[in-house]
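# Pasting the sequence and the predicted model now:
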Amino acid sequence: MSRKGQSITLSVSERDKTELEALAQEFGKTWGDRPNISKLIEAIARRQLTIAPNHDWPQTRIKALDIARQQLLDLGKIDEALAIAELLSSRSELTLPFRAEIDRFLSNPLPVWRQKIDHFIHRQQPFRLSYRDASDRLWHYTILHARIVPIEKRQYLMCRCEESEGNQDVPGLKHNWTLLLDRIEDAAVISVDRPWLPDLARIPVEFHLSGRLAFNYRRKQEDEEVGEAEGDPPIRRVIRNISNTFWFFREISPYWEDCVIVSPDSVRDRFQQKLIALCRQYDIKIGD
């Protein structure tokens with residue numbers, strides 16, 4: 001004769017009951033096809049399932065996971081970013097504003113046009129898009145190579161296009177564009193039958209570093225050649241393959257007199273003109 005199990009009564013809200021049933025279903029504690037909360041509790045009591053704290057993660061770990069989520073998004077790996085968001089959502093340590101951000105992402109991870117762009121880049125499939133610039137002019141670009149790059153807390157599509165009209169960069173770089181993702185027209189991204197190019201257009205730029213920078217400079221991924229610090233005073237020679245003079249100038253501007261562009265003349269002259277224009281803003285007389 002079998003012993004009859006003792007019954008207990010659980011007083012839980014309808015939401016908690018739903019969560020318990022979901023856990024029972026997840027761990028295979030069912031009665032037929034239906035989740036069985038009693039079997040779930042029995043498995044916990046017998047230590048077949050382990051209860052672990054959900055409030056012991058430091059904020060540094062949560063921040064690191066969120067950085068990873070955002071970088072995966074930048075790489076177009078939406079499924080992996082969603083997996084991290086779901087992991088974060090299951091934790092109790094999240095602040096209310098951050099939990100709201102994660103919940104919004106889980107309910108609507110990316111707009112359709114952004115998913116299309118990520119998909120085309122991942123497949124190396126050229127595509128065409130419409131873009132509205134800061135002056136509210138509408139442009140159409142045929143993208144032959146692209147990557148999404150976060151710069152100064154905003155996301156840009158760095159791309160190489162068939163079109164060069166309106167591009168003010170130096171010769172050799174006029175087919176490269178930097179498009180702010182927020183200005184890409186919704187539902188205007190389509191594939192085109194073109195070959196995918198291996199990289200952005202690039203030109204080599206030689207510049208010389210002096211002062212402390214000659215010793216403290218750290219090699220960049222785009223650097224083709226980095227020489228040793230030589231001479232008195234010491235100078236370090238660097239050759240870098242750049243894809244855009246605007247961002248290159250932004251990077252070297254803090255170096256001031258410790259960085260001199262040597263070649264090509266087109267890049268050197270453009271930077272010099274910017275320096276002259278800056279001096280004129282301060283009413284400084286330019287020497288002969």
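Happy to help now that I have it. None of the values given here were measured: they were computed from a predicted structure.
# Below-threshold pLDDT in this protein: ranges please.
1-7, 51-54, 74-76, 109, 186-187, 284-288 (pLDDT under 70).
# biggest strand in it, by residue count?
Secondary structure of the chain per DSSP state E: the longest strand is strand 138-151.
# Going C-terminal from it, what's the next secondary structure element?
As assigned by DSSP states H and E, the chain's next helix or strand after strand 138-151 is strand 154-161.
# could you say what helices and strands the following helix or strand past that following strand packs with?
Following strand 154-161 in sequence order, the next helix or strand is strand 176-180 (DSSP H and E). Contact here means 3 or more CB pairs under 8 Å, 6 or more residues apart in numbering; DSSP states H and E; on that basis strand 176-180 packs against strand 154-161. C-beta: built from backbone N, CA, C; applies to glycine.
# And the strand it packs on, what's buried?
Q155, Y156, L157, M158, C159, R160, C161 (16 or more other CB atoms under 10 Å).
# With stretch 104-115 instead?
For stretch 104-115, burial by neighbour count (16+ other CB under 10 Å) applies to F105, L110, W113, R114.
# So what's the gap between that stretch and the chain middle?
Average the C-alpha atoms of stretch 104-115, do the same for its chain, and the two points are 14 Å apart (CA atoms, centre = their mean, to the nearest Å).
# List of residues touching that stretch?
Under the contact criterion CB atoms under 8 Å, 6 or more residues apart in numbering, stretch 104-115 has outside partners 73, 78, 81-82, 85-86, 89, 118, 129, 181, 184-189.
# Where does W256 sit: helix, strand or coil?
helix (DSSP: H, G, I helix; E, B strand; the rest coil).
# Tell me which residues touch it, please.
Contacts of W256 (CB under 8 Å, 6+ apart): none.
# show me where the chain has strands.
Using DSSP E, the strands of the chain run over 30-31, 34-35, 127-132, 138-151, 154-161, 176-180, 190-191, 203-209, 223-226, 236-242, 259-263.
# can I get those in a markdown table with distance to A24?
What follows is the strands of the chain, written out as a markdown table (distance: least, CB to CB, whole Å):
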| stretch | distance to A24 |
| --- | --- |
| strand 30-31 | 7 |
| strand 34-35 | 4 |
| strand 127-132 | 46 |
| strand 138-151 | 41 |
| strand 154-161 | 42 |
| strand 176-180 | 48 |
| strand 190-191 | 45 |
| strand 203-209 | 63 |
| strand 223-226 | 57 |
| strand 236-242 | 58 |
| strand 259-263 | 65 |
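# closest one to T95 among those?
Closest to T95 of the strands of the chain, according to CB to CB: strand 138-151, at 22.5 Å.
# what pairs with the longest strand of the chain, and is each one parallel or antiparallel?
strand 127-132 (antiparallel), strand 154-161 (antiparallel) (DSSP bridges).
# Would you format the ones you listed as JSON lines with distance to I261 included?
Converted to JSON lines, the strands paired with strand 138-151 look like this (distance: least, CB to CB, whole Å):
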{"stretch": "strand 127-132", "distance to I261": "30"}
{"stretch": "strand 154-161", "distance to I261": "22"}
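# Tell me which of these sits nearest to I276.
strand 154-161 (28.3 Å).
# Mind listing the residues bridging to S130?
H140.
# mind listing what it touches?
By CB under 8 Å, 6+ apart, S130 lies in contact with L138, W139, H140, I184, E185, A188.
# Could I get those in JSON lines, plus columns for distance to R47?
JSON lines is the format used below for the contacts of S130 (distance: CB to CB, whole Å):
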{"residue": "L138", "distance to R47": "64"}
{"residue": "W139", "distance to R47": "64"}
{"residue": "H140", "distance to R47": "64"}
{"residue": "I184", "distance to R47": "54"}
{"residue": "E185", "distance to R47": "57"}
{"residue": "A188", "distance to R47": "57"}
